[in-house]
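> Structure for this input, please:
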Amino acid sequence: MRIGILNCGGDCPGLNAVIHGVVGAAAAKGWEAIGFRDGFEGLLPPGDFQFLTPKDTEGILKQGGTILGTTNKGNFAAKLGTDDDVAKVPQEIVDRAKRTLDQLGIGALVVVGGDGSLTTAQQLYEQGWPVIGVPKTIDNDLKATAMTFGFDSAVSSVVDGLDRLHTTGQSHKRVMVLEVMGRHAGWIALWGGMAGAANVILLPEIPFSYEKVAEHLKKREAMGYTSSLVVVAEGAKSPDGEISTIDDNSGGQARLGGIGEQVAAQIAELTGKETRCTTLGHVQRGGTPTPLDRILGMRFGVMAAQLAEEGAFGRMVSYQSYHVDSVPIKEAVMELRLIEPDTEVVRAARAVDICFGD
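Numbers count the residues shown, from 1 in each chain. Presented below is the predicted three-dimensional model:
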């Protein structure tokens, strides 16, 4: 049997661990593994792929990014982030890609991707493709799995940034604002902010007002704290309900960005405190994956190979209660996992005087 693997959408730490897991488990079963480059685009004739053996994946666990390359654009985009915003991949594109799959004798195709990529995978499965999904998103926002690899590494980057901003903020008695990733869900901001001792965390899920933020920072000043840390997710809506975007004319989803500068400007105006903003950006996607993401990614890859052996197509690897299993892909892409304002983690943050601007 030949098993194919591709990854699409944004890159994140741990992708190579998945590839390592799939290839290693396939070799143990006596199978051949083929990696397609740049996501689904690598399936288009004449095909852009490479045969993979365990020797080819030796040493890649510690590498960020992906040895196969990836893209969040191209011919196979089927979802742009919301439940209703779904498009069908053109049939002519599907048929061309299927010819490559058939010519190579691929008996199972492992698709490593987020909400959008798995929506494409579900469409292909419904047309008879032997597809298996592996969840990948640093945002940790897929409802059908408790955790996705890459999230822990992204949070670690946020914590490192806050640790550094804390010392410079204290030295100059400034408010330091850190804008982090999180389009629809604020898990990176919440976990990173809590672990990095942020004083204010602003999320897409919790409406905030600048006055409430300023009030909290003034209270801290009166208590003798000369500096504060503010974390804001890029998808956090300003009090007027708008999401800050960057018009770069690149097509696809609008690039988010700029809310951090808006927050910093309002804080400076309302408190009189010198305020600086740092945007962490793609630093959160790059670099060495944490041990947790390496292990989780490898376990996901091994489970994907097991599902292929069972012929369990149309399913996605899932992590629940410390156990790796699977769920239908269709179930995985139906709903994003967002932060509930009254969830235990948010209550814990409030208990130690972290402000959410509400």
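> Nearest spatial neighbour of residue 225, chain-adjacent residues omitted?
Across the structure, with CB to CB, 6 or more residues apart in numbering as the measure, the residue nearest residue 225 apart from its sequence neighbours is residue 199 (8.0 Å). No exception for glycine: its C-beta is placed from N, CA and C like everyone else's.
> need the contact list for that neighbour.
Contacts of residue 199 were listed using CB atoms under 8 Å, 6 or more residues apart in numbering, and they are 216, 217, 220, 225, 228, 229, 230, 353, 354, 355.
> Would you mind checking those for buried ones?
Buried members of the contacts of residue 199, scored by 16 or more other CB atoms under 10 Å, are 216, 217, 220, 228, 229, 230, 354, 355.
> Out of these, which is nearest to residue 19?
Within those, the smallest distance to residue 19 is 36.5 Å, found for residue 229 (CB to CB).
> for that closest one, phi and psi?
Note on residue 229: backbone dihedrals following degrees, to the nearest 10 are phi -120, psi 130.
> For the nearest residue to it once chain neighbours are set aside, give me its contacts.
Nearest residue to residue 229, sequence neighbours excluded (CB to CB, 6+ apart): residue 198, at 4.5 Å. Contact analysis of residue 198 by CB under 8 Å, 6+ apart lists 162, 178, 192, 229, 230, 231, 354.
> quick one: secondary structure of residue 198?
State at residue 198, reduced to three classes by DSSP: H, G, I helix; E, B strand; the rest coil: coil.
> before we move on, what about residue 155?
Put simply, residue 155 is helix when judged by three-state DSSP.
> Quick check: it touching residue 190?
No. Residue 155 sits out of contact with residue 190 when judged by CB atoms under 8 Å, with a separation of 9.2 Å.
> re the thing from before, tell me the predicted confidence for the residue nearest to residue 225.
The per-residue pLDDT reported for residue 199 equals 98.
> if I look at it, how far off is residue 120?
41 Å (CB to CB, to the nearest Å).
> what do you get for residue 238?
Spatial separation of residue 238 from residue 120 under the definition CB to CB is 32 Å.
> what mean pLDDT does stretch 68-85 have?
Confidence for stretch 68-85, expressed as mean pLDDT, is 72.
> residue boundaries of the helices in the stretch 151-300 of the chain?
Secondary structure of the stretch 151-300 of the chain (DSSP state H, counting those that start in this stretch): helices at 151-172, 187-195, 210-222, 259-271, 291-310.
> Which strands or helices does the helix or strand just after the last one pack on?
So the one you mean is helix 291-310. Using DSSP states H and E, the helix or strand that follows helix 291-310 in sequence is strand 315-320. Secondary-structure packing of strand 315-320 (3 or more CB pairs under 8 Å, 6 or more residues apart in numbering; DSSP states H and E): strand 131-135, helix 291-310, strand 323-328, helix 329-332.
> strand partners of strand 315-320, parallel vs antiparallel please.
Sheet partners assigned to strand 315-320 using DSSP bridges are listed as strand 131-135 (parallel), strand 323-328 (antiparallel).
> can I get those strands in a markdown table with distance to residue 265, mean pLDDT and mean neighbour count?
Shown next, in a markdown table, are those (distance: least, CB to CB, whole Å; pLDDT from 0 to 100; neighbours: other CB atoms under 10 Å):
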| stretch | distance to residue 265 | mean pLDDT | mean neighbour count |
| --- | --- | --- | --- |
| strand 131-135 | 37 | 97 | 29 |
| strand 323-328 | 44 | 96 | 16 |
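> Of the ones you listed, which is nearest residue 271?
So among the strands paired with strand 315-320, strand 131-135 is nearest, using CB to CB, at 40.9 Å.
> returning to that earlier point: can you redo the strands paired with strand 315-320 as JSON lines with distance to residue 103?
As requested, these are exported to JSON lines (distance: least, CB to CB, whole Å):
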{"stretch": "strand 131-135", "distance to residue 103": "17"}
{"stretch": "strand 323-328", "distance to residue 103": "28"}
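> Which one of those lies nearest to residue 242?
Across the strands paired with strand 315-320 (criterion: CB to CB), the nearest stretch is strand 131-135, sitting at 30.0 Å.
> So which bits of stretch 328-339 are buried?
Within stretch 328-339, the residues scored as buried using 16+ other CB under 10 Å are 328, 329, 330, 332, 333, 336, 337, 338, 339.
> now the end-to-end length of that stretch.
Distance between the two ends of stretch 328-339: 23 Å, counting by CA to CA, to the nearest Å.
> Next: stretch 195-205.
Per CA to CA, stretch 195-205 runs 19 Å from first to last residue.
> returning to what we had before: so for residue 238 and residue 120, which sits in the more crowded spot?
Per other CB atoms under 10 Å, whichever of residue 238 and residue 120 has more neighbours is residue 120, with 27 against 18.
> The more buried one belongs to a strand, doesn't it?
No. When three-state DSSP is applied, residue 120 is found to be helix, with no strand at that position.
> Just the pLDDT for it.
For residue 120, pLDDT reads 93.
> ok, it touching residue 89?
Yes. Look at residue 120 against residue 89 with CB under 8 Å: they come within range, at 6.1 Å.
> Give me the distance from the lengthiest strand in the chain to the chain's centre.
The strand spanning the most residues in the chain, taking DSSP state E as the definition, is strand 106-113. Taking the mean of its C-alpha atoms, strand 106-113 sits 19 Å from the chain's own mean (CA atoms, centre = their mean, to the nearest Å).
> Perfect, that will be all.
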